[in-house]
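Participant: below are the sequence and a predicted model for it; my questions follow.
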Amino acid sequence: MPLNPDPAIFRAVVSTIVPEAAALDDQGWHDLHQVIEALLRDRPESLKRQLRLFLGAIQWLPVVRYGRPFTRLNPATRTRVLAHLQNDRIQKVRVGFWGLRTIVLAGYYGRPQAAQAIGYAASPRGWEALK
Amino acid sequence: MKRVGYDIVIVGSGAGGGTVAQELSPLCRQGVRIAVLEKGPRLRDHEFTGRELEMAGALYEDGGGFLTADGTMTIAFGCAYGGSTVVYTGTSMLPPERVIRRWDVPGLTHADLDCRARKFMAENNAHLLEDDLINENNKLFVEGCRKLNYGVQQFPVNIKGCRGSSLCNLGCPNQAKQGTDRVQLPRAERNGVEVVTRCQVLTVGDQTLAVRVAAKAAGAKGDPSPWEPGDYQVDAKIIVLCAGAVNTPALLLRSGMQRSLPRLGRGFTTHPAFIIVGEHARPITNFVGFPKSYYVDQFAESEHFVLETCMYFPFITAKSLAGFGAPHSSFMRAFPRLQMILVLACDEADEYNRVSVDNAGRPVVNYRFQHEATRGLIRGATTSAKILFAAGAVRVHMPIARDTAIESRDAARRLEIAEIEATAGFQPGKTPVSAAHPQGGCGMGSGPANSVTDSYGRVHGLPWLFVADASLFPNSLEINPYVTIMALADRVAQRIREEVPALL
């Protein structure tokens, strides 16, 4: 698990950012984790620590407002929680969410299966591949 | 530590380093020893697969994810044999006269730069792409601009044998793009210049460099370095720094030169940018064909933005769209129907935006969005949306709007609201902003009080040390920079050739 020892938190966040991720099978999640691991491999440990802390905050901050952690919220409320972070008045919070969102999007859309699913089919053969 | 010596060492192999290497390479026949030290790897042709994350990891600094100090902007620049010329789109623009005049560098004229730039345009086969090779993503941009009476122009592009893979920014898989990796560096090597890859320069001393050669990691792309991994001292009578506008100032800063060069790292600009995406009712040709053929620059002076066609890959597109969840996904699922426009803001050199180094000597870009650049992004976004709707888009993704999806039926009102909202509260860290044109940090000028080098790239007070890359720009170029970098590097090489008898 690249960012959090509890897969449920990570999966809940990923599925809120990319709803299609909820339909991934075990292999799909494995591939997504592999992409993220490769992406973070050479990044500073401090960055990975910040991302882990941010994930932890996402899990527990909703307790204050909704009385339960992120993983026990319904999808609409999860979306509201992440939207608050995205629009937060404090720039560091917005940047933290932006960083996490970027990693998640890389994990999901960095997989060839996701490119195929959205109809992206660029080929080194270019125009010839259309024929 | 091993010790090696050369007459001339060039640090970096992109538009600046590749040009200097080629232009100095005839000296090798006279026995002059020249080396290019490149931090990145040298890939074989078959390793350019076009796969997004794989190629970004192999060819870009930090895999394309180099962040500014406050984390609000990504700056993309190459790190490979050929530098950023491996990953640019190849749009070949002459230096604008108004910009060079405004730079006001003593001894630097537009006429001189223009003449040199044209030489490299010809050498790199820069030309207008034939009509039948232009895809609908580009044609629709022209159509939208013409309906709105915008002055749309075609980019000359430096390609030869383009198959229309659209993968330019991941390194052309067909070797069609005429970057320094295809033109200048091979020519320099044929003349006797040595190129040492995976070789990072740590510090510059008095006619000497401390460098570290990295081993090739298991499973990594590219050839191993021609030198054994380890630390080296490289002595050189002349040193030319061409590591780019982030790494050249950082190298000089961690070498302790800021005391004698107070302007070091200052004057950094980068054309902050984002993409505006329009969705059409039918599939268009977008991920096939050359991605960047047209631009509009009529607003550069008055409103501080330039528009260019573009087409990115799934992850970069996802990252560039604002928001998340279902609204974000709905645009991603429409990929074959998407038209994209890149908005580039024309930022200005100021006292805050600069390159520095952290305690470990790593480059840090301190960047704050200026009012005019922010305004340029916002105005560029609404102008792009109008072009997309004029071209027939049914809805547009507006990264600056609170509700990012704008339908064509209420476009005018929603665009007006989006502009007002964004002007009142543009939020760095929420709107995805990226940049790929880092410039400045070692600006040219008349003396150390206002610059780092003279107009021939010679560092003030150090006759053996030159800079020849985009860090020389004293202010934003306002266009795609590689041809201007080559023209400036050509001037630097000329000065070095003239002074070789005295310096060697």
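Facilitator: On my side now, so go ahead. Just so it is clear, the model here is predicted, and its values are computed rather than measured.
Participant: check A:Pro2 and give its pLDDT.
Facilitator: pLDDT, A:Pro2: 58.
Participant: which helix or strand lies directly C-terminal to the helix ranked longest in chain A?
Facilitator: Counting residues, the longest helix in chain A under DSSP state H turns out to be helix A:91-109. Later in the chain than helix A:91-109, the nearest helix or strand by DSSP states H and E is helix A:112-117.
Participant: quick one: buried residues of that next one?
Facilitator: Burial within helix A:112-117, assessed by neighbour count using 16 or more other Cβ atoms under 10 Å in any protein chain shown, is assigned to A:114-115, A:117. Backbone N, C-alpha and C define where each C-beta goes, glycine included.
Participant: ditto for stretch B:244-264
Facilitator: Neighbour-count burial for stretch B:244-264 [16+ other Cβ under 10 Å]: B:244-255, B:257-258, B:261, B:263-264.
Participant: tell me how far the nearest residue to A:Leu39 once chain neighbours are set aside lies from B:Lys216.
Facilitator: Nearest residue to A:Leu39, sequence neighbours excluded (Cβ to Cβ, 6 or more residues apart in numbering or on different chains): A:Ala106, at 5.5 Å. Distance from A:Ala106 to B:Lys216, counting by Cβ to Cβ, to the nearest Å: 24 Å.
Participant: the most centrally placed residue in chain A: what's it in contact with?
Facilitator: In chain A, the residue lying closest to the centroid (Cα atoms, centre = their mean) is A:Val104, at 2.6 Å. A:Val104 makes contact with A:13-14, A:17-18, A:36 under the criterion Cβ atoms under 8 Å, 6 or more residues apart in numbering or on different chains.
Participant: and those, which is closest to B:Phe473?
Facilitator: Of all the contacts of A:Val104, B:Phe473 sits closest to A:Ile36, with 36.3 Å by Cβ to Cβ.
Participant: ok so, going back, near chain B, which of the buried residues of helix A:112-117 show up?
Facilitator: Subset of those in contact with chain B: A:114-115, A:117, counting by Cβ under 8 Å from any Cβ of the partner chain.
Participant: any chance of those residues in TSV, with pLDDT too?
Facilitator: Shown next, in TSV, are these (pLDDT from 0 to 100):
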residue	pLDDT
A:Ala114	97
A:Ala115	96
A:Ala117	96
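Participant: and of these, the nearest to chain B?
Facilitator: Distance ranking of these against chain B, using Cβ to the nearest Cβ, places A:Ala115 first at 4.8 Å.
Participant: look up the closest residue to the closest one, ignoring the ones flanking it.
Facilitator: Per Cβ to Cβ, 6+ apart, closest to A:Ala115 is B:Pro314, 4.8 Å.
Participant: got the angle for the worst-scoring helix or strand of chain A on mean pLDDT vs helix A:91-109?
Facilitator: In chain A, the helix or strand scored least confidently by mean pLDDT, DSSP states H and E is helix A:45-60, which has a mean of 90. For helix A:45-60 against helix A:91-109, the angle by axes from the mean of the first three to the mean of the last three Cα atoms, to 10 degrees is 90 degrees.
Participant: min pLDDT across the contacts of A:Val104, which one?
Facilitator: Among those, A:Ile36 has the weakest pLDDT, 94.
Participant: quick one: contacts for B:Asp7?
Facilitator: B:27, B:32-34, B:236-238, B:504.
Participant: how about B:Gly171?
Facilitator: Here B:Gly171 is in contact with B:43, B:48, B:55, B:58-59, B:80, B:86-87 (Cβ under 8 Å, 6+ apart).
Participant: quick one: which of those residues sit in strands?
Facilitator: Among the contacts of B:Gly171, no member is found in strands (DSSP state E).
Participant: as TSV, the residues you listed with pLDDT and distance to B:His280 would be great.
Facilitator: Output for the contacts of B:Gly171, formatted as TSV (pLDDT from 0 to 100; distance: Cβ to Cβ, whole Å):
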residue	pLDDT	distance to B:His280
B:Leu43	98	36
B:Phe48	98	30
B:Met55	97	28
B:Ala58	97	33
B:Leu59	98	31
B:Ala80	98	35
B:Val86	98	32
B:Val87	98	28
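Participant: among these, which are in reach of chain A?
Facilitator: Applying Cβ under 8 Å from any Cβ to the contacts of B:Gly171, those adjacent to chain A are B:Phe48.
Participant: which of the contacts of B:Gly171 sits closest to B:Arg198?
Facilitator: Closest to B:Arg198, out of all of the contacts of B:Gly171 and judged by Cβ to Cβ, is B:Ala80, at 10.2 Å.
Participant: measure that closest one to chain A for me?
Facilitator: 15 Å (Cβ to the nearest Cβ, to the nearest Å).
Participant: can you count the residues close to that residue?
Facilitator: 28 (other Cβ atoms under 10 Å in any protein chain shown).
Participant: with A:Trp127 instead?
Facilitator: By other Cβ under 10 Å, 19 other residues sit near A:Trp127.
Participant: neighbours of the closest residue to it other than its chain neighbours, just the number please.
Facilitator: Counting by Cβ to Cβ, 6+ apart, the nearest residue to A:Trp127 once its immediate chain neighbours are dropped is B:Gly164, at 4.4 Å. When neighbours are defined as other Cβ under 10 Å, B:Gly164 has 26 of them.
Participant: how near is B:Gly164 to A:Lys131?
Facilitator: In terms of Cβ to Cβ, B:Gly164 sits 12 Å off from A:Lys131.
Participant: can you give me the helices for chain B?
Facilitator: Using DSSP H, helices in chain B cover B:15-24, B:52-59, B:97-103, B:110-123, B:136-147, B:184-190, B:244-254, B:300-303, B:314-320, B:325-332, B:371-390, B:411-425, B:482-503.
Participant: skipping adjacent residues, who's closest to B:Ala21 in space?
Facilitator: Per Cβ to Cβ, 6+ apart, closest to B:Ala21 is B:Ala188, 3.8 Å.
Participant: and the longest helix of chain A, how far out from the chain middle?
Facilitator: Helix A:91-109 has its C-alpha centroid displaced from the chain centroid by 7 Å (Cα atoms, centre = their mean, to the nearest Å).
Participant: same deal with stretch B:277-295?
Facilitator: 22 Å.
Participant: got it, and stretch B:245-260?
Facilitator: On Cα atoms, centre = their mean, the centre of stretch B:245-260 falls 20 Å from that of its chain.
Participant: average pLDDT across it?
Facilitator: Rounded mean pLDDT across stretch B:245-260 is 97.
Participant: export that stretch as PDB, just CAs?
Facilitator: The C-alpha trace of stretch B:245-260 is given here as PDB (Å, rounded to 0.1, in the frame of the first residue of the first chain):
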ATOM      1  CA  ALA B 245      16.700  28.100 -16.200                       C
ATOM      2  CA  VAL B 246      16.100  26.100 -13.000                       C
ATOM      3  CA  ASN B 247      19.400  24.100 -12.800                       C
ATOM      4  CA  THR B 248      21.900  26.600 -14.100                       C
ATOM      5  CA  PRO B 249      21.100  29.300 -11.400                       C
ATOM      6  CA  ALA B 250      20.900  26.500  -8.800                       C
ATOM      7  CA  LEU B 251      24.300  25.200  -9.800                       C
ATOM      8  CA  LEU B 252      25.900  28.600  -9.400                       C
ATOM      9  CA  LEU B 253      24.100  29.300  -6.100                       C
ATOM     10  CA  ARG B 254      25.200  26.000  -4.500                       C
ATOM     11  CA  SER B 255      28.700  26.900  -5.800                       C
ATOM     12  CA  GLY B 256      28.600  30.000  -3.500                       C
ATOM     13  CA  MET B 257      28.600  32.600  -6.300                       C
ATOM     14  CA  GLN B 258      25.700  34.700  -5.000                       C
ATOM     15  CA  ARG B 259      28.000  37.100  -3.100                       C
ATOM     16  CA  SER B 260      29.700  38.300  -6.300                       C
END
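Participant: sheet partners, orientation included, of the longest strand along chain B?
Facilitator: Assignment by DSSP E gives strand B:230-241 as the longest strand of chain B. When pairing is defined by DSSP bridges, strand B:230-241 lines up against strand B:2-11 (parallel), strand B:208-213 (antiparallel), strand B:465-467 (parallel).
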